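**Student:** have a look at this prediction, sequence included:
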Amino acid sequence: MAVKIVHLYPDELNLYGDSGNIACIVKRLYLRGYNAEVVNVGVGENIPSFDLLFIGGGQDREMMAINKDIKRKAEALSYYIHKGNTILAICGGYQLLGEYYKMSNGSVMELTGALPFFTEGSRHRMIGNTVFSTPFGNVVGFENHSGKTYLSKDIAPLGRIIKGFGNNAEDKTEGVIFKNTFGTYAHGPVLPKNPSLADEIIKRMLGVDSLINIDDELENKCHRQLILRYT
Ligand code: GLN
């Protein structure tokens, strides 16, 4: 069975191996008998229908470079998010789903407004290994952002910080989850070392409640080892 993964802005937004998240999903699907087609969507291109849409992270410079285009794509993104399509957005890609990003130089980027949250740059970069609890188990990753994201009360964080900064180094929240949209500051790529989160996203994109087990001995050993090391 074929599934379609859209990779949005693969050239501009792809920090710290974020595209490795797509490779992880493709492999975990393959081991379960699914073939995945990855469609790159860049500036000036429309977002086609998809089973999973992925957006990676980027520096402020790259985010400004695609800012006009992301506003052109705002209606489509918001439609897919509120329809319940599965989306994974990392760091800068996550920030793009909010209302605006006021950068540390004071300039304000109006964003998609697809979800009720905003980001404000800070002089203090939030960098380091991060561990946070989620409904899908603890997640370990790496964060590097100056933006502080503040969620409205109408949406839930993906997790609660155990180690690291999270959304804003203030309220112990990390990321966002709304229907089947997942946002997180965790780079790494985050999915290979967090198989439970990877499978949750696969379940959502396939619209199933369970998946056949695959051998995650090495992945789980790495996951446990990193959490022990960072907490
Ligand atoms: N440029 C944004 C920030 O600094 C996002 C960084 C990222 O994607 N790693 O907050």
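**Tutor:** Yep, that arrived. Numbers count the residues shown, from 1 in each chain.
**Student:** contact partners for Ile66?
**Tutor:** Ile66 sits next to 9, 12-13, 43, 58 when contact means Cβ atoms under 8 Å, 6 or more residues apart in numbering. For the C-beta atoms, the positions are set from N, CA and C on the backbone; glycine is no exception.
**Student:** 7 Å instead, please
**Tutor:** Ile66 makes contacts with 9, 12, 43, as judged by Cβ atoms under 7 Å, 6 or more residues apart in numbering.
**Student:** just Arg125 next, same as before
**Tutor:** Listed by Cβ under 7 Å, 6+ apart, the contact set of Arg125 reads 144, 146.
**Student:** tell me the residues of this structure that contact the ligand?
**Tutor:** 15, 57-60, 63, 91-92, 95, 144-147 (Cβ under 6 Å from any ligand atom).
**Student:** residues of the helix ranked longest in the chain that come out buried?
**Tutor:** Criterion DSSP state H: the longest helix present in the chain is helix 217-230. Across helix 217-230, burial judged by 16 or more other Cβ atoms under 10 Å covers 219, 222-223, 226-227, 230.
**Student:** for stretch 147-163, same thing?
**Tutor:** Buried residues in stretch 147-163 (16+ other Cβ under 10 Å): 147-149, 151, 155, 157-159, 161-162.
**Student:** equivalent analysis for stretch 129-141, please.
**Tutor:** Across stretch 129-141, burial judged by 16+ other Cβ under 10 Å covers 129-132, 134, 136, 138-141.
**Student:** what's the answer for stretch 44-61, then?
**Tutor:** Of the residues in stretch 44-61, those buried (16+ other Cβ under 10 Å) are 47, 50-60.
**Student:** secondary structure and pLDDT added to these, as TSV?
**Tutor:** Shown next, in TSV, are those (DSSP: H, G, I helix; E, B strand; the rest coil; pLDDT from 0 to 100):
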residue	secondary structure	pLDDT
Ile47	coil	98
Phe50	coil	98
Asp51	coil	98
Leu52	strand	98
Leu53	strand	98
Phe54	strand	98
Ile55	strand	98
Gly56	coil	98
Gly57	coil	97
Gly58	coil	96
Gln59	coil	94
Asp60	helix	93
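**Student:** show me which of those residues is closest to Lys71.
**Tutor:** Nearest to Lys71 among the buried residues of stretch 44-61, counting by Cβ to Cβ, is Ile47 at 13.3 Å.
**Student:** quick one: contacts for that closest one?
**Tutor:** Contact partners of Ile47, counting by Cβ under 7 Å, 6+ apart, are 6, 8, 41, 73, 76-77.
**Student:** got it, and Asn144?
**Tutor:** Taking Cβ under 7 Å, 6+ apart, one finds 125, 127, 187 in contact with Asn144.
**Student:** I figured the last one hits Tyr16, correct?
**Tutor:** Just to be clear, that refers to His187. Yes: between His187 and Tyr16 there is a contact under Cβ atoms under 7 Å: 3.6 Å.
**Student:** higher neighbour count, the two?
**Tutor:** Taking other Cβ atoms under 10 Å, His187 and Tyr16 do not tie; His187 has more neighbours (22 against 18).
**Student:** measure that one to Gly56 for me?
**Tutor:** Per Cβ to Cβ, to the nearest Å, His187 is found 8 Å from Gly56.
**Student:** tell me, what's touching the two both at once?
**Tutor:** Shared contacts of His187 and Gly56, defined by Cβ under 7 Å, 6+ apart, comprise 15, 18, 90.
**Student:** tell me the SS of Val5?
**Tutor:** I think there's a mix-up here, since residue 5 is Ile and not Val. strand (DSSP: H, G, I helix; E, B strand; the rest coil).
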